[in-house]
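**Student:** Need the 3D shape of this:
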Amino acid sequence: MIKKAALALGGNLGDVTGAFKTAAQKLEAAGMMNIKLSRFRRTTPVDCAPGTPDFLNAALTGGWAGSVEELFAACQSIERESGRAAVHGINTPRPLDIDIILFDDQIVNSNFLQIPHPRAARRLFVIAPLAEIAPEMIFPDTGKSVSDIFKILTDLS
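**Tutor:** Residues are numbered from 1 along each chain as shown. Below is the predicted model:
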């Protein structure tokens, strides 16, 4: 069965635009179907050390026939191929970060993976690009759509 996956892309080192485009190609080669990629947005770092360069952020959606764990492994492999260290600090500069935000209507809580992504619904830099390409997707833990969350976040800012 094909599941709809929503991913957040971020990066702030090197050719981030190229890394995003390459990531989409590699996800397709790994089996992701019907990929949609949002516009790229430059954003100010959130919860990062002072002096951290601005980020480029985007969202990507597509169909995935495998498990969420297989998608996670593919994303980690693509990150490493882009130059991101396998072991890295939280909120540190990076050439590419790929987070699984939603995976169909699944809720996953394991030692290495939480879906929906635990901070996604509080971060406009994640929700804004996702609202552009998948406003109808639902956060199964709250029942709210991406467009509902986008409205809440933009009303707060």
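
**Student:** distance of residue 65 from residue 108?
**Tutor:** According to C-beta to C-beta, to the nearest Å, residue 65 stands 17 Å off from residue 108. Glycine gets a C-beta too; all of them are placed from N, C-alpha and C.

**Student:** Of these two, which one has the most company?
**Tutor:** residue 108 (15 against 12; other C-beta atoms under 10 Å).

**Student:** from memory the more buried one sits against residue 68, does it?
**Tutor:** Yes. Using C-beta atoms under 8 Å, residue 108 is in contact with residue 68, at 5.8 Å.

**Student:** Now do the shared contacts for these two.
**Tutor:** Here residue 108 and residue 68 share the contacting residues residue 115, scored by C-beta atoms under 8 Å, 6 or more residues apart in numbering.

**Student:** Can you report phi and psi for residue 132?
**Tutor:** Dihedral pair for residue 132: phi -70, psi -40, per degrees, to the nearest 10.

**Student:** Per-residue pLDDT of the residue nearest to it when sequence neighbours are not counted, please?
**Tutor:** Closest residue in space to residue 132, ignoring its immediate chain neighbours: residue 38 at 4.6 Å, by C-beta to C-beta, 6 or more residues apart in numbering. We have a pLDDT of 98 for residue 38.

**Student:** residues in contact with residue 38?
**Tutor:** Residue 38 neighbours (C-beta under 8 Å, 6+ apart): 58-60, 129-130, 132-133.

**Student:** And for residue 42?
**Tutor:** Counting by C-beta under 8 Å, 6+ apart, residue 42 touches 54-57.

**Student:** Mind picking the two most distant members of these?
**Tutor:** For those, the farthest-apart pair by C-beta to C-beta is 54 and 57; their separation is 9.8 Å.

**Student:** With neighbour numbers in mind, choose between these two.
**Tutor:** residue 57 (26 against 11).

**Student:** In a markdown table, list the contacts of residue 42 along with pLDDT.
**Tutor:** Formatted as a markdown table, the contacts of residue 42 follow (pLDDT from 0 to 100):
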| residue | pLDDT |
| --- | --- |
| 54 | 87 |
| 55 | 89 |
| 56 | 95 |
| 57 | 96 |
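
**Student:** Return the subset of those lying in strands.
**Tutor:** Of the contacts of residue 42, the ones assigned to strands by DSSP state E are 55-57.

**Student:** Quick one: name whatever helix or strand follows the helix or strand hosting residue 131.
**Tutor:** Here residue 131 sits within helix 124-133, counting by DSSP states H and E. Note on helix 124-133: by DSSP H and E, the next helix or strand toward the C-terminus is strand 138-139.
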